[in-house]
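Undergrad: Kindly return the folded structure for what I paste below:
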Amino acid sequence: MNSSKSEVDLDRPNVEEYLTEAHLDGTLQPGRKLLLRDLLDISPALNEAASAIVDDSFTRCFKSNPPEPWNWNLYLFPLWCFGVFVRYLILFPVRVVLLAAGWVIFLSLFIPVHFVLKNQDKIRRQLERVLVEFICSVFVASWTGVVKYHGPRPSVRPRQVFVANHTSMIDFIILEQMTAFAVIMQKHPGWVGLLQSTILESLGCIWFNRTEAKDRHIVSEKIKQHIEGPDNNPLLIFPEGTCVNNQYTVMFKKGAFELGCTVCPIAIKYNKIFVDAFWNSKKQSFTMHLVRLMTSWAVVCDVWYLEPQTLQPGETPIEFAERVRDIISMRAGIKKVPWDGYLKYYRPSPKLTESK
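TA: Residues are numbered from 1 along each chain as shown. Okay, here's the model as predicted:
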């Protein structure tokens, strides 16, 4: 009980507690309140302790909790060894063959469709949507994905965007196997970047680079143009802007909520009984992430398509974003924290913090 209570305390968004002058025997000026930051300035030790609490509250959003060891005695260890043998020497090769066969079928159909029907946009787009949904289904099958979808399947309508919490790039694959979304995504290097610039480009996906400030304006204009097209694929946005470990949600960027269109929330929750689906891109390549999923027993996941939301009278885009985040967090059973996910990439160095 004590440990759970301390976790709740760390997750409270307001870390400033107010003390009036009555608590300090009138040493302050009348009517003035003492903020916690004043005490932190006075006490270096208290400042360091508070910084450690804040840092722990932030970094826990991007940590993958290792599973508890269970092969600790003579009776269970042989079962664990048998499981490793089955997963790595039977299931993994079968899944690799399945994935390779899926790619052969996909490319043998996608390439002719993309080039032969280049002048027939409507038919080409419909066939490309079906093929992308097919290859995403092959990916999910290669993990033995057990995905349960709740709610009505998304439809193609103008002036609407879909927003979801973000745990891994496989979020996109799991959603894409049901509906061919156009997604807003960070531009990646390697084979993932090649797929982005070729296959996914045909869906109308929009790429950006976090290090390029001008990309924000370009992406914003592309989003506005995309949502106005009646035949464009539904637009999917991950407003957290980074992968979070599916136990917390960080602040939503307001861009998707100031477009003046309908916002359709999607909640994604992974069951960690077999594998933790969180992808820490700073420590692991996406290829190794897929290998980890393919050597697990299964990826178990629930997806909820929630009721569409619109900006209410007198509501700001930031308040709208927080309201949608509340809906997603409550449905998925994950905690809200008051941190900007971009701090994962742009946190100031200890030397800079010390000099300031």
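
Undergrad: Might you calculate how far stretch 94-103 sits from the centre of the chain?
TA: 26 Å (C-alpha atoms, centre = their mean, to the nearest Å).

Undergrad: Then stretch 119-132?
TA: 28 Å.

Undergrad: Contacts for that stretch, please.
TA: Stretch 119-132 is touched from outside by 106, 109-110, 113-114, 117-118, 176, 180, 199-200, 202-203, 231, 233, with contacts defined as C-beta atoms under 8 Å, 6 or more residues apart in numbering. Yep, even glycine has a C-beta here, placed from its N, CA and C like the rest.

Undergrad: Can you list the buried residues in it?
TA: R124, R125, L127, E128, R129, L131, V132 (16 or more other C-beta atoms under 10 Å).

Undergrad: For the fifth one, I want the exact helix or strand it lies within.
TA: In this structure, R129 sits in helix 121-142 according to DSSP states H and E.

Undergrad: Does anything pack onto the helix or strand following that helix? Which helices or strands?
TA: Downstream of helix 121-142, the next assigned helix or strand under DSSP H and E is strand 145-150. Applying 3 or more C-beta pairs under 8 Å, 6 or more residues apart in numbering; DSSP states H and E, one finds that strand 145-150 contacts strand 299-305.

Undergrad: May I have whichever helix or strand comes after the strand it packs on as CSV, with CA atoms only?
TA: Per DSSP H and E, the first helix or strand lying C-terminal to strand 299-305 is helix 317-332. Extracted in CSV, the C-alpha atoms of helix 317-332 (Å, rounded to 0.1, in the frame of the first residue of the first chain):
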residue,chain,number,x,y,z
PRO,A,317,-7.2,23.6,-28.3
ILE,A,318,-5.0,22.8,-25.3
GLU,A,319,-8.1,22.1,-23.1
PHE,A,320,-9.6,20.0,-26.0
ALA,A,321,-6.3,18.0,-26.2
GLU,A,322,-6.4,17.3,-22.4
ARG,A,323,-10.1,16.2,-22.6
VAL,A,324,-9.3,13.7,-25.3
ARG,A,325,-6.3,12.5,-23.4
ASP,A,326,-8.5,12.0,-20.4
ILE,A,327,-10.9,9.8,-22.5
ILE,A,328,-8.1,7.7,-23.9
SER,A,329,-6.3,7.3,-20.6
MET,A,330,-9.5,6.3,-18.7
ARG,A,331,-10.5,3.7,-21.4
ALA,A,332,-7.0,2.1,-21.6
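
Undergrad: quick one: buried residues of helix 317-332?
TA: In helix 317-332, counting by 16+ other C-beta under 10 Å, buried: P317, F320, A321, E322, R323, V324, R325, I327, I328, S329, R331, A332.

Undergrad: what separates it from the chain centre, distance-wise?
TA: On C-alpha atoms, centre = their mean, the centre of helix 317-332 falls 14 Å from that of its chain.

Undergrad: Repeat that for stretch 180-188.
TA: Worked out by C-alpha atoms, centre = their mean, stretch 180-188 lies 12 Å from the chain centre.

Undergrad: how about that stretch: buried residues?
TA: So, applying 16+ other C-beta under 10 Å, buried residues of stretch 180-188: A180, F181, A182, V183, I184, M185, Q186, H188.

Undergrad: on that earlier part again, for the buried residues of helix 317-332, which one is nearest T167?
TA: A332 (10.0 Å; C-beta to C-beta).

Undergrad: Quickly note the distance from that closest one to I227.
TA: Using C-beta to C-beta, to the nearest Å, one gets 25 Å for the distance from A332 to I227.

Undergrad: which residues sit in contact with E133?
TA: E133 makes contact with E176, Q177, M178, T179, A180 under the criterion C-beta under 8 Å, 6+ apart.

Undergrad: run the last query once more with 7 Å
TA: Counting by C-beta atoms under 7 Å, 6 or more residues apart in numbering, E133 makes contact with E176, Q177, A180.

Undergrad: With pLDDT as extra columns, can I get the residues you listed in a markdown table?
TA: Below are those laid out as a markdown table (pLDDT from 0 to 100):
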| residue | pLDDT |
| --- | --- |
| E176 | 93 |
| Q177 | 92 |
| A180 | 87 |
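
Undergrad: Would you report which members of those residues are assigned to helices?
TA: Judged by DSSP state H, those include E176 as members of helices.

Undergrad: Next, find the distance separating the closest residue in space to Q312 that isn't next to it in sequence from L306.
TA: Nearest residue to Q312, sequence neighbours excluded (C-beta to C-beta, 6 or more residues apart in numbering): F320, at 7.5 Å. According to C-beta to C-beta, F320 and L306 sit 14 Å apart.
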